[in-house]
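> Following is a predicted model, sequence given first.
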Amino acid sequence: MAEITFDGVTKIFGDNIPAVDQLSLHVAEGEFMVLVGPSGCGKTTALRMLAGLEDITAGSLSIGGTVVNNVLPKDRDVAMVFQNYALYPHMTVAQNMGFALKIRGQSKGEVARKVGEAAAILRLTEYLDRRPKALSGGQRQRVAMGRAIVRSPQAFLMDEPLSNLDAQLRVEMRLEIARIQRLLGVATVYVTHDQIEAMTMGDRVAVMRGGRLQQCDTPQDLYDHPKNDFVAGFMGSPPMNLLRVGLETTDAGVALALGSQRLAIPASYATSHHLPRVDGPGVVFGVRPEDVEVRDGSSADSLTTRVERREALGAEILVHLSLVDVGGDNAIVVNDSGAVVARPTKLVAKMGPRSGVSVGDHLDVRLNPDHFHFFDADSGLSLRRGV
């Protein structure tokens with residue numbers, strides 16, 4: 001087992017734009033680290049540099065305390081699992097899993113022993129004599145993992161290994177990969193664009209955007225305490241509601257200006273956050289969909305909304321809401337020339353599967369004041385003190 005350290009690692013391709021920019025990240029021995037982010041964020045490039053498939057432009061990368069910038073891929077003692085399985089179609093499962101050991105010159109008995117042990121871990125024992133075409137997608141992916149496991153590497157590298165599987169198999173394989181990694185206790189770097197995979201599999205999750213690391217933390221801390229509005233909007237399904245709003249002084253204190261409606265900010269946020277002045281540029285206000293709660297009637301801490309769309313997902317309903325003008329029901333405000341000058345403030349709420357809401361309904365909702373988030377309107381950084 002070994003730890004992995006990226007220290008200011010940068011990769012620049014021909015267009016002189018960093019694909020990975022000053023990445024510093026530590027993966028402890030036995031840790032399951034997930035790199036997540038949108039397409040083009042640099043996560044796969046970071047993994048390929050770790051595998052030795054891409055040269056490093058600047059910075060240093062070490063495995064087990066040894067800098068590997070100039071070490072050949074075959075000498076790094078890491079095993080990579082690809083998206084497309086890359087199995088030899090003419091070989092059996094056992095032959096595919098043991099091929100790397102065979103070309104290293106290990107004895108037939110040793111190869112058979114290691115293949116048998118890996119097959120037992122992966123629940124592939126009964127398939128060892130089959131060829132890849134006789135296997136399901138999930139079984140083929142397990143064979144690809146088995147080929148990595150038999151090598152007993154210092155680290156596992158996985159590049160979106162579940163993206164070719166259907167939804168049900170993805171869920172099953174998430175559980176399998178997490179189980180196997182815990183059993184083996186080998187440092188693992190796993191790349192995905194799917195934040196659900198990241199949240200459910202990683203001991204820690206590193207969120208990337210535009211080649212830069214945005215935040216690395218446990219899944220729950222990423223969800224509860226995002227360091228900027230990008231992480232807030234990326235982690236979570238559906239994502240956090242993010243609204244650019246102004247701050248105003250009221251008789252009760254400070255309030256958010258949400259369209260023509262006002263929402264009081266609890267006094268505790270003045271001490272826990274660096275809120276800007278009320279006549280300033282405002283803030284980006286965030287609230288999770290599960291913290292948008294329907295009330296039986298209007299109250300001082302509720303907002304009046306209109307149901308624009310509903311998505312029934314079986315176990316829950318996602319309700320898309322717009323804040324209405326308190327003086328009417330204007331969905332869009334236009335000037336005398338017919339140009340749009342203001343659009344309704346949008347919110348998404350999670351509701352129970354039997355919530356009897358319909359498009360066009362007016363709902364009074366309360367935003368849970370215990371879970372407000374505030375971000376700088378320009379930089380997007382969290383305004384929470386101590387971040």
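Arrived safely.
> can you pull up the bridge partners for Leu61?
Phe6 (DSSP bridges).
> wait, it sits on Val68?
Yes. The pair Leu61 and Val68 passes the contact test of C-beta atoms under 8 Å, sitting 5.8 Å apart. For every residue, glycine as well, the C-beta is placed using N, CA and C.
> Would you mind splitting this protein into its domains for me?
4-234, 241-376 (automatic domain parsing).
> Dump the ones you listed into TSV; add mean pLDDT and mean neighbour count as well.
Shown next, in TSV, are the domains of the chain (pLDDT from 0 to 100; neighbours: other C-beta atoms under 10 Å):
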stretch	mean pLDDT	mean neighbour count
domain 4-234	93	18
domain 241-376	83	15
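> now these as TSV including distance to Arg384?
As requested, the domains of the chain are exported to TSV (distance: least, C-beta to C-beta, whole Å):
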stretch	distance to Arg384
domain 4-234	7
domain 241-376	5
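> so which of those domains comes closest to Val387?
Judged by C-beta to C-beta, the one of the domains of the chain that comes nearest to Val387 is domain 4-234, at 5.7 Å.
> could you pull out the helices for the protein?
For the chain, helices defined by DSSP state H occupy the ranges 43-51, 93-103, 108-122, 137-149, 167-184, 195-201, 219-224, 229-234, 268-272.
> how about these, which one is nearest Leu157?
Closest among the helices of the chain, using C-beta to C-beta: helix 43-51, at 5.4 Å.
> and for that closest one, what are the contacting residues?
4, 6, 9, 11, 19-20, 23, 35-37, 54-56, 61, 63, 73, 76, 78, 80, 155, 157, 159-160, 189, 191, 193, 208, 211 (C-beta atoms under 8 Å, 6 or more residues apart in numbering).
> List the ones among those that fall in strands.
In this view, the contacts of helix 43-51 that belong to strands under DSSP state E are 4, 6, 9, 11, 19-20, 23, 35-36, 61, 63, 78, 80, 155, 157, 159, 189, 191, 208.
> What distance do you get for the nearest residue to Lys11 once chain neighbours are set aside to Asp370?
Using C-beta to C-beta, 6 or more residues apart in numbering and skipping the chain neighbours, the partner closest in space to Lys11 is Val20 (4.4 Å). To Asp370, Val20 is 38 Å away according to C-beta to C-beta, to the nearest Å.
> With Lys114 instead?
53 Å.
> can you check Gly59 too?
For Gly59, the distance to Asp370 - C-beta to C-beta - is 41 Å.
> same check, this time on Gly109
Taken as C-beta to C-beta, the span from Gly109 to Asp370 is 62 Å.
> what's the answer for Tyr269, then?
11 Å.
> list the contacts for the nearest residue to Val34 once chain neighbours are set aside?
Spatial nearest neighbour of Val34, chain neighbours left out: Gly202 (3.5 Å); criterion: C-beta to C-beta, 6+ apart. The neighbourhood of Gly202, defined by C-beta under 8 Å, 6+ apart, consists of 32-34, 190, 219.
> Repeat that for Thr192.
34-36, 160, 162-163, 198.
> gap between the nearest residue to His225 once chain neighbours are set aside and Leu275?
Nearest non-adjacent residue to His225, counting by C-beta to C-beta, 6+ apart: Arg384, 7.0 Å away. Arg384 sits at a distance of 10 Å from Leu275 (criterion: C-beta to C-beta).
> what sits in contact with each of the two?
Counting by C-beta under 8 Å, 6+ apart, the shared contacts of Arg384 and Leu275 are Phe374.
> surely Leu162 meets Glu197?
Yes. Here Leu162 lies in contact with Glu197, judged by C-beta under 8 Å, at a distance of 6.8 Å.
> shared neighbours of the two, anything?
170, 174.
> so what's Val78 bridging to?
Here Val78, judged by DSSP bridges, has bridge partners Ala155.
> I figured it hits Ala155, correct?
Yes. Val78 is within contact range of Ala155, at 4.6 Å (criterion: C-beta under 8 Å).
> quick one: Tyr232 and Gly380, what's the gap?
If you look again at residue 232, you'll see it is Ala, not Tyr. In terms of C-beta to C-beta, Ala232 sits 9 Å off from Gly380.
> ok, now Leu23?
Leu23 is 20 Å from Gly380, by C-beta to C-beta.
> try Val171
32 Å.
> do the same with Thr218
21 Å.
> Name all residues that make contact with Ala270.
Val254.
> do the one 3 residues further on as well
Taking C-beta under 8 Å, 6+ apart as the definition of contact, the neighbours of His273 are 374, 383-385.
> And for it, nearest residue in space, chain neighbours not counted?
Going by C-beta to C-beta, 6+ apart, His273 has Leu383 as its nearest residue, at 4.5 Å.
> do Val359 as well
Val307 is the one closest to Val359 (C-beta to C-beta, 6+ apart), at 5.4 Å.
> Tell me if I'm right that Val68 and Asp55 touch.
No. Between Val68 and Asp55 there is no contact under C-beta under 8 Å: 11.7 Å.
> quick revisit: now the helices of the chain in a markdown table, please, with extra columns for distance to Ala300.
Formatted as a markdown table, these follow (distance: least, C-beta to C-beta, whole Å):
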| stretch | distance to Ala300 |
| --- | --- |
| helix 43-51 | 46 |
| helix 93-103 | 66 |
| helix 108-122 | 58 |
| helix 137-149 | 53 |
| helix 167-184 | 43 |
| helix 195-201 | 35 |
| helix 219-224 | 27 |
| helix 229-234 | 27 |
| helix 268-272 | 17 |
